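Trainee: give me a 3D structure for the following:
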Amino acid sequence: MNARAGQQAQESDLIDVPALVAAYYALVPDVTNPDQKVAFGTSGHRGSSLDSAFNETHILAITQAIVEYRASQGITGPLFVGKDTHGLSRPAETTALEVLEANGVRALVDEFDDYVPTPALSHAIIAYNRAGHDDEADGIVITPSHNPPRDGGFKYNPPHGGPADSDATGWIANRANELIANGNRDVKCAEPSAVETYDYRGKYVDDLATIIDFEAIRKSGIRIGADPLGGAAVHYWKLIAETYKIDLTVVNPFVDPAWGFMSLDWDGKIRMDPSSPSAMASVLAHKDEYDILTGNDADADRHGIVTPDGGLMNPNHFLAVAIEYLYTHRPQWSPDAAIGKTLVSSTMIDRVAESLGRRLTEVPVGFKWFVSGLIDGSVAFGGEESAGASFLRRDGTAWTTDKDGIILALLASEILAVTGKTPSQLYARLTERFGAPVYERVDAVATKAQKAALGRLTGEAITATELAGEPITARLSEAPGNGAAIGGVKVVTENAWFAARPSGTEDVYKIYAESFKGAEHLKQVQAEAKLIVDAALAG
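Mentor: Next up, the predicted model:
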């Protein structure tokens, strides 16, 4: 933990935004250097122009590759384009529009030149494709999510509206790197003079009544504070308050691409993570002023929930409360609709699911695994431990197929309005019924070779029979919900589990662990987890 974590950012912490943008145009990546190649992770291509990892060259090539990919898939409808408030997002949008224009792709940007949250773009794609058009739409979201201000990000969402799968992103990344290696000679470019517009904000906000019970919130009179953390939802919250006549204050209505108003995160960096107590320190100062206080990251696909009695809720805790509430207050949802969770989310969700008599679908990390279930209604809620989730409309149809931090933040107010209890009070009740788990993620040093080996590791390679004094009941390298490889291993006992996955950006592997037997038992689980994984890698 950095000594300044949770403190207000100082001038020396801030990026030089003009220099960042200048580097976007001036620096040319070397695609023989792995750090400068196009690489799509679980949330698109990310990097900084200062590192030659997110530059005009990259965006020209990625956009051309997307044009070619959508053509190969027979996608001929409009392409929705949205950006967040990062300093590199607007230059990247301009570049992308130049390529789309030259290739004859009908691009739709925001009608008011506003920022576009990830869920608003997903909502737009789904709305278009449900409207009976002869063609299909897809989209590009320009955001590195909660990453520091120096970074940029570029994501592709196909016609289902959610994150593209690895087949699509792999094809796009490979083609983009081919284009760059050939000097981008096959990239078409033109002045974006024929770009069309779309009212992302108005259409998204007007439709929120189909998923949130605003009447209950309004009648309760609860005081709500919403902090967009300088992100893309900044103007959405004001319109939500006006449209639904609820007592909602936008706590921080400012946008600054350097994010000078932020509190420093755990490592001393500026990071717009609404689930981090350090990053949310300036928001937490207002916790006693509101009945519910919420935060979102830069593209509003993540949420943070703050209550007067509990402070900032652990994301796993709120997911468990949200699931218990939704599946008992959405009578139009199918009784067969499952609960979706990533395999590194809390086992509290498993126990809640069992008490509800609902099927649990446990998938690898990545929201893309929930897309098909949310589209066909077979999964009514999909959530990740990193404070990302979405769920169905009240009538049981799809809302978004990407994470939506706005509806999760609003759900916290609905829960308080309907039950009279804050989400943190309701979580305390869950612990009385099911036990109080302790959860933590730690990192362990690993070489690139060890990380690659861990990604290929199978459950059969784990030879241990006990974990922290309990018999091991499962050794997983594939997710129980869909059989997909998890890119690591998960080991389970009756009252604890750990999962180990290689980091995509650092020479470490991540150990997620949880125990229902207390903090000391969790430490034992974590220590033995490292020994078990290291032994498997050595064997």
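Trainee: next, count neighbours for the closest residue to residue 144 other than its chain neighbours.
Mentor: Using CB to CB, 6 or more residues apart in numbering and skipping the chain neighbours, the partner closest in space to residue 144 is residue 153 (3.1 Å). Every C-beta, even on glycine, is put in place using the N, C-alpha and C of the backbone. The number of residues packed around residue 153, counting by other CB atoms under 10 Å, is 25.
Trainee: can you list contacts of the one helix or strand residue 153 maps to?
Mentor: Taking DSSP states H and E as the criterion, residue 153 maps to strand 151-157. Defining contact as CB atoms under 8 Å, 6 or more residues apart in numbering, one finds that strand 151-157 is touched by 24, 43-49, 54, 58-59, 62, 66, 69, 86-89, 92, 96, 118, 121-122, 125, 138-145, 147, 163-164, 168-169, 172, 402.
Trainee: least confident secondary structure element in this protein?
Mentor: Taking mean pLDDT, DSSP states H and E as the measure, the helices and strands of the chain show their lowest mean at strand 40-41, namely a mean of 84.
Trainee: was I right about residue 529 contacting residue 512?
Mentor: No - in terms of CB atoms under 8 Å, residue 529 does not count as a neighbour of residue 512; the distance is 9.1 Å.
Trainee: quick one: common contacting residues for these two?
Mentor: Residues touching both residue 529 and residue 512 (CB under 8 Å, 6+ apart): 498, 500.
Trainee: can you list the domains in the chain?
Mentor: Per the record, the chain has its domains at 11-200, 438-538, by automatic domain parsing.
Trainee: among the contacts of strand 151-157, which lie within helices?
Mentor: Within the contacts of strand 151-157, membership in helices is found for 24, 58-59, 62, 66, 69, 89, 92, 96, 118, 121-122, 125, 168-169, 172, as judged by DSSP state H.
Trainee: so where's this structure shaky on pLDDT?
Mentor: Under the criterion pLDDT under 70, the flagged ranges of the chain are 42, 505, 539.
Trainee: can you check which helix is longest in it?
Mentor: With DSSP H as the criterion, the chain gives helix 519-538 as its longest helix.
Trainee: what residues sit buried inside it?
Mentor: By neighbour count, with 16 or more other CB atoms under 10 Å as the criterion, the buried positions of helix 519-538 are 521-526, 528-530, 532-534, 536-537.
Trainee: all helices of the stretch 151-300 of the chain, in order?
Mentor: 166-181, 200-207, 214-220, 234-244, 281-284 (DSSP state H, counting those that start in this stretch).
Trainee: looking at those, which is nearest to residue 108?
Mentor: Between residue 108 and the helices of the stretch 151-300 of the chain, the shortest gap by CB to CB is with helix 200-207, which sits at 8.7 Å.
Trainee: what's the burial count for the nearest residue to residue 502 once chain neighbours are set aside?
Mentor: The spatial neighbour of residue 502 that comes closest, neighbours along the chain excluded (CB to CB, 6+ apart), is residue 451 at 3.6 Å. Using other CB under 10 Å, the number of residues around residue 451 comes to 20.
Trainee: helix/strand/coil for residue 451?
Mentor: Taken by DSSP: H, G, I helix; E, B strand; the rest coil, the conformation at residue 451 corresponds to helix.
Trainee: quick one, what contacts it?
Mentor: Residues in contact with residue 451, defined by CB under 8 Å, 6+ apart, are 502, 503, 507, 509.
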